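*Asks:* Need the 3D shape of this:
(chains A, B, C and D)
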Number of protein chains: 2
Amino acid sequence: MIRLLLADDQHLIRGAIASLLNLEPDLEVVAQVGRGDEVAAAVAEHRPDVVVLDIEMPGADGLSVAESLPGQAVVILTSFGRPGYLRRAMAAGVRGFVPKDAPVEQLAAAVRKVHTGGRYLDPELAASAMMAGECPLTERERDALGLAARGASVSEIAVSLRLTEGTVRNYLSNAIMKLGASNRISAIRAAQEMGWI
Amino acid sequence: MIRLLLADDQHLIRGAIASLLNLEPDLEVVAQVGRGDEVAAAVAEHRPDVVVLDIEMPGADGLSVAESLPGQAVVILTSFGRPGYLRRAMAAGVRGFVPKDAPVEQLAAAVRKVHTGGRYLDPELAASAMMAGECPLTERERDALGLAARGASVSEIAVSLRLTEGTVRNYLSNAIMKLGASNRISAIRAAQEMGWI
DNA sequence: CTGGGCTTATGACAAATGTCATCGGGTGCG
DNA sequence: CGCACCCGATGACATTTGTCATAAGCCCAG
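*Replies:* Numbers count the residues shown, from 1 in each chain, chains lettered A, B, ... in the order given. Next up is the predicted model:
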C-alpha cells in the first residue's frame, strides 16, 4: 500500500483526485492539504510514501515545497507543461511530473514508479522541455522581469534589487531581446508561458 | 436521473469530477468535452439536462459557450471568483456558478438546483461580486486594454480597433486611472484579476 | 593567460507611454 | 432642456521605456 499526501488548493479538484486515487487497490491518500506552506507539517505528521503536489497554491508553490522536502518522493501535477517548471522541479530532485491533461491512470503509474525509486516524466513534457532548452535569461534579468510582471516601474525595481535604474533598464532590454519580444508586456507573457518567471 | 455534460480541458480533472458526480445516485455524466468549441455539438448529440462548464478552455471559453446555449441549464465551474466572470455568466442566463474551491457536494447541489429551474450562487462569490460592483471600464477601454495585455503597442491596437493612436492612448490612460494602477502592466493585472478582461 | 559570460554601471538619445485639456456628436434620463 | 456618459479625436508635452555603445570587475574553463 502506497501512502499519499495530496496538495492542491482547489477543494473540488483535490477531493476528486483523492477519490480516484483511493480507488486504486495499492494507493491510499492519507492526507490532503490546501496550502503550500502547510505541506511540510503534514508530511512530518503523516509520513507519506509519495507527495503529490500541484504547482500553483497559496502559501508556497509546489516547486518551492518540493525543494523544501529533500529526499521525499514527489510527483508534481501541473496545468501547463512549462519547461521552466520542469527544469526547476528536476533540479529539486522531483522524479515525477504529470500534466493535468493526463488520465488518472497515468498519475497512478507515476506515483508507483516514483515510489519504487524510478522516474516518471510525461513524454510530451519531456519533448517540449528538450526543445525549449535552457532559460535564456540570466538570474538578474529574471529578477527584474519578474518584478516588472507585477507592475513595478524601473525605479521601483531598482530600489528592490538595489541597482541603478540604468542597470535595470539594461536587464529588461536584454530580456526583451532574448525572448524575442517587442516590449515589456510581451516579454513577460513569453517568460511566464515558459515558466521562466 | 439528471443527465450531465461536463466540459473541462484537463483530462485528469474532468475525469475525476465526472467520476465523483457519477457516484451520486441521481446524476449521470453522459458526455465529456475537452474543448469549448466542441460543446455545442455534444449538447445537440447528447441532450443533457445540465451542462457543467469550466471557464478556461481551448477553442472557446466557458462563458462564450454559455452564451451560445440560450435556454440550456448551465453551471459554471471556476478557479477564481472573478466578478467580471460572474456578471458575464449571469448576463448569459447562467443560473449556477460554483468555485473549484467548493466540495463536490456543493457542485452536485448546484446541478440539482439549476436542473429544477432554480439558481445556485456560491455565497462567497456573491459577496465578492457585490463588493466589486460593475466593471469600471467602458467597452472600448476594455478592448484596448485586452489587446495591450497581449503585448500590442498603441499603434497595433489602433490598427486593430480602427482608431487613432491618440484615442487608444486616451483609453489606456483612462483604464489605468480607473483601475487605480500606475502603468499598463498593473492595470492589466488588476483587470484580469477581476475578470474584466 | 585569454576569452566568454555575468554583473553593474554611465550616458546619450530615440521611441513609446501616459497625462491633460479640449472639442464635437450621440444617447438616455430627470 | 440640461446634464452625464460614452465615443472618438487633436495636440502639446512630461515621463518612462527601450536601445546601444562602452567600461570595469569577477569567475570559470580551456
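*Asks:* interface residues of chain A facing DNA strand D?
*Replies:* Contact residues (CB under 7 Å from any atom of the strand) of chain A with DNA strand D: A:153-155, A:166, A:169-170, A:172-173, A:176-177, A:183-185. (C-beta placed from N, C-alpha, C; glycine too.)
*Asks:* how much space between the closest residue in space to residue A:96 that isn't next to it in sequence and residue A:88?
*Replies:* In this structure, residue A:96 finds its nearest non-sequential neighbour in residue A:75, 3.3 Å apart by CB to CB, 6 or more residues apart in numbering or on different chains. Distance of residue A:75 to residue A:88, computed by CB to CB, to the nearest Å: 15 Å.
*Asks:* neighbour count winner among those two?
*Replies:* Neighbour totals were compared for residue A:75 and residue A:88, and residue A:75 leads with 25 against 21 (other CB atoms under 10 Å in any protein chain shown).
*Asks:* Give me the three-state assignment for the more buried one.
*Replies:* Using DSSP: H, G, I helix; E, B strand; the rest coil, the structure places residue A:75 in strand.
*Asks:* Let me see the contact set for it.
*Replies:* A:50-53, A:94-98, A:107, A:110-111, A:114, A:120 (CB atoms under 8 Å, 6 or more residues apart in numbering or on different chains).
*Asks:* go on, residue A:152?
*Replies:* For residue A:152, the contact set (CB under 8 Å, 6+ apart) comprises residue A:160.
*Asks:* pretty sure it belongs to a strand, no?
*Replies:* No. Counting by three-state DSSP, residue A:152 falls outside a strand, being coil.
*Asks:* Can you pull the phi/psi pair for it?
*Replies:* Per-residue torsions, residue A:152: phi -70, psi 140 (degrees, to the nearest 10).
*Asks:* how much space between it and DNA strand C?
*Replies:* 12 Å (CB to the nearest atom of the strand, to the nearest Å).
*Asks:* would you put the C-alpha positions of the helix or strand of chain A with the lowest mean pLDDT in PDB?
*Replies:* The helix or strand of chain A with the poorest confidence is helix A:123-132; it has a mean of 81 (mean pLDDT, DSSP states H and E). Taking C-alpha atoms only, helix A:123-132 is exported to PDB below (Å, rounded to 0.1, in the frame of the first residue of the first chain):
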ATOM      1  CA  PRO A 123       6.700  12.100 -22.900                       C
ATOM      2  CA  GLU A 124       5.200  15.300 -24.300                       C
ATOM      3  CA  LEU A 125       6.500  17.300 -21.400                       C
ATOM      4  CA  ALA A 126       9.900  15.800 -21.900                       C
ATOM      5  CA  ALA A 127       9.900  16.700 -25.600                       C
ATOM      6  CA  SER A 128       8.800  20.300 -25.100                       C
ATOM      7  CA  ALA A 129      11.400  20.800 -22.400                       C
ATOM      8  CA  MET A 130      14.100  19.500 -24.600                       C
ATOM      9  CA  MET A 131      13.000  21.800 -27.400                       C
ATOM     10  CA  ALA A 132      12.700  24.800 -25.100                       C
END
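*Asks:* follow-up on the earlier one: hmm, which of the residues of chain A next to DNA strand D are the buried ones?
*Replies:* With neighbours counted by 16 or more other CB atoms under 10 Å in any protein chain shown, the residues of chain A next to DNA strand D contain buried members at A:153-154, A:172, A:176, A:184-185.
*Asks:* what helix or strand is the residue lying farthest from the centre of chain A on?
*Replies:* Residue farthest from the centre of chain A, counting by CA atoms, centre = their mean, is residue A:166 at 32.0 Å. Element membership for residue A:166 (DSSP states H and E) is helix A:165-178.
*Asks:* in chain A, which ranges drop under the pLDDT threshold?
*Replies:* Judged by pLDDT under 70, chain A has no weakly predicted residues.
*Asks:* what does it put close to DNA strand C?
*Replies:* Residues of chain A lying near DNA strand C (CB under 7 Å from any atom of the strand): A:138-141, A:161, A:163-164, A:166-167, A:169-171, A:183.
*Asks:* let's see it at 6 Å
*Replies:* A:138-140, A:163-164, A:166-167, A:170, A:183 (CB under 6 Å from any atom of the strand).
*Asks:* quick one, strands of chain A?
*Replies:* Here chain A has its strands, by DSSP state E, at A:2-7, A:27-33, A:50-54, A:73-78, A:96-99, A:120-121.
*Asks:* Need the winner for burial among those.
*Replies:* strand A:50-54 (a mean of 26; mean count of other CB atoms under 10 Å in any protein chain shown).
*Asks:* Flag every residue of chain A that's near chain B.
*Replies:* Contact residues (CB under 8 Å from any CB of the partner chain) of chain A with chain B: A:9-13, A:15-17, A:19-20, A:23, A:77, A:79, A:98-104, A:106-107, A:148-151, A:153, A:181-186, A:188-189.
*Asks:* How about residue A:72: what's its closest non-neighbour residue?
*Replies:* residue A:51 (5.7 Å).
*Asks:* Put the alpha carbons of stretch A:175-194 into PDB.
*Replies:* The C-alpha coordinates for stretch A:175-194 follow below in PDB (Å, rounded to 0.1, in the frame of the first residue of the first chain):
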ATOM      1  CA  ALA A 175      15.300  40.100 -21.500                       C
ATOM      2  CA  ILE A 176      13.000  41.600 -24.200                       C
ATOM      3  CA  MET A 177      15.600  40.900 -26.800                       C
ATOM      4  CA  LYS A 178      16.400  37.300 -25.600                       C
ATOM      5  CA  LEU A 179      12.700  36.400 -25.500                       C
ATOM      6  CA  GLY A 180      12.100  37.800 -29.000                       C
ATOM      7  CA  ALA A 181       9.500  40.200 -27.600                       C
ATOM      8  CA  SER A 182       8.700  43.700 -28.700                       C
ATOM      9  CA  ASN A 183       8.000  45.200 -25.300                       C
ATOM     10  CA  ARG A 184       7.900  44.500 -21.600                       C
ATOM     11  CA  ILE A 185       4.400  43.000 -21.600                       C
ATOM     12  CA  SER A 186       5.100  40.500 -24.400                       C
ATOM     13  CA  ALA A 187       8.400  39.600 -22.700                       C
ATOM     14  CA  ILE A 188       6.600  38.900 -19.500                       C
ATOM     15  CA  ARG A 189       4.000  36.800 -21.300                       C
ATOM     16  CA  ALA A 190       6.600  34.800 -23.100                       C
ATOM     17  CA  ALA A 191       8.600  34.200 -19.900                       C
ATOM     18  CA  GLN A 192       5.500  33.200 -17.900                       C
ATOM     19  CA  GLU A 193       4.400  30.900 -20.700                       C
ATOM     20  CA  MET A 194       7.700  29.000 -20.500                       C
END
